[in-house]
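Peer 1: output the structure for:
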Amino acid sequence: MEWLGEIPEEWEVITNRRFITRIEQGWSPIAADKVCEEDEWGVTKLNAVSHGKFQSSTHKALPCELKPIYNYEVKNGDLLITRSNTPALVGDTCVVHDIREKLLLCDLIYRITVDEKIMDKKMLVFSG
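Peer 2: As a prediction, this is how the structure comes out:
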């Protein structure tokens, strides 16, 4: 890639399967189309991942009769990638910072876990 310039000799070209250790998809229950209160659970909307940034305010409130699936809670440091959207926005990535508590990953976004001894996840966002 010309825009990248000279690549250091010690860098190695590797395939994704060598550093991706886990891929998980979230859950998309029918949720209220409103932002949740501080003590309520919410589910991310697809556009919570946009242009390399995560917007925790972009979510829907989980109905109180539904129990959250805690494994899908979004955490600081999560690497997220969209699996659906317009052709120009599919595959948008971000690393989560400053997350609100009680926010669940929707099923249109993947959480990718990488072996950070091999690959810096911030580099994946940059290259996306």
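Peer 1: just give the closest residue to residue 69, not the sequence neighbours.
Peer 2: Nearest non-adjacent residue to residue 69, counting by CB to CB, 6 or more residues apart in numbering: residue 27, 5.5 Å away. (Glycine included, C-beta is placed from N, CA and C.)
Peer 1: quick check: pLDDT value at that neighbour.
Peer 2: We have a pLDDT of 93 for residue 27.
Peer 1: surely it touches residue 71?
Peer 2: No: the criterion here is CB atoms under 8 Å, and residue 27 misses it with residue 71 at 9.0 Å.
Peer 1: higher neighbour count, those two?
Peer 2: Legend: neighbour count by other CB atoms under 10 Å for residue 27 and residue 71, higher for residue 27 (15 against 11).
Peer 1: OK, contacts around residue 58?
Peer 2: If a contact means CB atoms under 8 Å, 6 or more residues apart in numbering, then residue 58 has 44, 45, 47, 48, 50 as its contacts.
Peer 1: now the second one: how far from residue 120?
Peer 2: Counting by CB to CB, to the nearest Å, the separation of residue 45 from residue 120 is 27 Å.
Peer 1: cool, the fourth one as well?
Peer 2: For residue 48, the distance to residue 120 (CB to CB) stands at 22 Å.
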